[in-house]
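Chemist: just coords:
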């Protein structure tokens, strides 16, 4: 459930690293009192390495070390849909400690987590190919869908992402018959919480160190399920109901539905945000969305199926 991570230690003994890795000089902003050295921490291949940055304070000769990248890809040596289980995460961190020349168990205690990405990939059937478009609104977050295969909900210090993992894994490649068959049969739903600044979020209490991350691993499924469930979901996959209009109010509601369908639910929501409603705005918004939902078939509950698959997957990763 952990993917990208950034670790920092502001008083690191660099002797082992300087003796065992090749380094290149890099600039550290415009600070003449800091010297930067960069190298790759390789598990099995350079393609999935972690970046190491040693920064020396020329006044004090104290070194700080930061490590960042996808520890999931680093550990598995692949850009796959496989997620780290608890036991794999612990093995990954132990391996990291060995690569850094640290004493047994030391790695858990000396690093702070500054950036963290929590995520999971679900294997669904191809009926879910367009499901990310059904996640339409999350509180006051900015919804960004500028990329064809992904949706972002952006807050100040973190963002929530939903995207097609299969398309991300195979971007820029010519697909074989096998890849086309996989895409036509399955949907790889990826859900992530990307925390840009741990200290500026509620995640800091449980996930500010590797040790606290290990101890609070069991809470990750609840975090993922809660955050996905909070996103306003409008079923854009099911068919329209067969409508029989028996009153003027039903006719008016149907006309409103057709209008929303015509311009799209996202543009409908964006337009609603521009209206200067002083009182009960949330109620009017709920009425608007519920009117749309009332004209969609309820034969299948895509969100419930998705949440069930998420629960199953995260329980396996505990």
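Modeler: That came in fine, so what should we check first? Everything numeric in this text was worked out from a predicted model, so none of it was measured.
Chemist: center of the protein, which residue is that?
Modeler: Nearest to the mean C-alpha position of the chain, by CA atoms, centre = their mean, lies residue 192 at 1.7 Å.
Chemist: buried set for stretch 186-197?
Modeler: Buried residues in stretch 186-197, counting neighbours by 16 or more other CB atoms under 10 Å, are found at 186-196. C-beta here means a position set from N, CA and C on the backbone, and glycine is covered the same way.
Chemist: Quick check: phi and psi on the closest residue to residue 142 other than its chain neighbours?
Modeler: In space, residue 142 comes closest to residue 154 once its chain neighbours are excluded; the distance is 4.7 Å by CB to CB, 6 or more residues apart in numbering. Here is the backbone geometry of residue 154 (degrees, to the nearest 10): phi -100, psi 130.
Chemist: Can we start the residue count at 32 from this point?
Modeler: Okay, residue one is now 32; in that scheme the one you just asked about reads as residue 185.
Chemist: Give me the distance between residue 185 and residue 192.
Modeler: Taking CB to CB, to the nearest Å as the measure, residue 185 falls 10 Å from residue 192.
Chemist: which one of the two has more residues nearby?
Modeler: Between residue 185 and residue 192, counted using other CB atoms under 10 Å, the more crowded position is residue 192 (19 against 15).
Chemist: Double-check that the more buried one belongs to a strand.
Modeler: Yes: with DSSP: H, G, I helix; E, B strand; the rest coil as the criterion, residue 192 is part of a strand.
Chemist: For it, name its beta-bridge partners.
Modeler: Beta-bridge pairing for residue 192 (DSSP bridges): residue 183, residue 223.
Chemist: Hmm, it is touching residue 220, no?
Modeler: No: the pair residue 192 / residue 220 is not scored as a contact, 11.4 Å apart, by CB atoms under 8 Å.
Chemist: State the distance from the residue lying closest to residue 229 once chain neighbours are set aside to residue 100.
Modeler: Of all residues not flanking residue 229 in the chain, residue 235 sits nearest, at 5.1 Å (CB to CB, 6+ apart). Shown here: residue 235 relative to residue 100, a distance of 21 Å by CB to CB.
Chemist: Tell me the buried residues in stretch 243-253?
Modeler: Across stretch 243-253, burial judged by 16+ other CB under 10 Å covers 243-244, 248, 251-252.
Chemist: show me the contacts for residue 73.
Modeler: Residues in contact with residue 73 (CB atoms under 8 Å, 6 or more residues apart in numbering) are residue 80.
Chemist: pLDDT wise, what is it at?
Modeler: Among the per-residue scores, residue 73 holds a pLDDT of 95.
Chemist: Likewise for residue 305?
Modeler: Listed pLDDT for residue 305 reads 89.
Chemist: Over to residue 322?
Modeler: pLDDT, residue 322: 96.
Chemist: I'd like the distance from it to residue 292, if you could.
Modeler: Look at residue 322 and residue 292: by CB to CB, they are 11 Å apart.
Chemist: All the strands of the protein, residue numbers only.
Modeler: Along the chain, counting by DSSP state E, strands occupy 33-40, 55-57, 65-72, 81-88, 93-101, 143-156, 166-168, 173-175, 181-185, 189-195, 217-226, 263-264.
Chemist: Where does the prediction get shaky in this protein?
Modeler: Counting by pLDDT under 70, not a single residue of the chain qualifies.
Chemist: what's around the nearest residue to residue 288 once chain neighbours are set aside, how many residues?
Modeler: Leaving aside its chain neighbours, residue 288 sits nearest to residue 326 (4.4 Å; criterion: CB to CB, 6+ apart). Using other CB under 10 Å, residue 326 has 16 neighbouring residues.
Chemist: Could I get the contacting residues of residue 326?
Modeler: Counting by CB under 8 Å, 6+ apart, residue 326 touches 271-272, 274, 284-285, 288.
Chemist: If any of these are buried, give me the PyMOL selection for them.
Modeler: Of those, the buried ones can be selected in PyMOL as follows, counting by 16+ other CB under 10 Å:
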select buried, resi 284+288
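Chemist: Looking at the contacts of residue 326, which is nearest residue 154?
Modeler: residue 271 (28.8 Å; CB to CB).
Chemist: Wait, the closest one touches residue 324, no?
Modeler: No: at 11.3 Å, residue 271 and residue 324 do not qualify as touching, with contact defined as CB under 8 Å.
Chemist: now, among the buried residues of stretch 243-253, which is nearest to residue 161?
Modeler: Closest to residue 161 out of the buried residues of stretch 243-253 is residue 252 (25.6 Å), distances taken as CB to CB.
Chemist: got a list of what the closest one touches?
Modeler: By CB under 8 Å, 6+ apart, the contact set of residue 252 is 32, 342, 345-346, 348-349.
Chemist: Widest-spaced pair of the residues you listed?
Modeler: Greatest spatial distance among the contacts of residue 252 (CB to CB): 32 and 342, at 13.0 Å.
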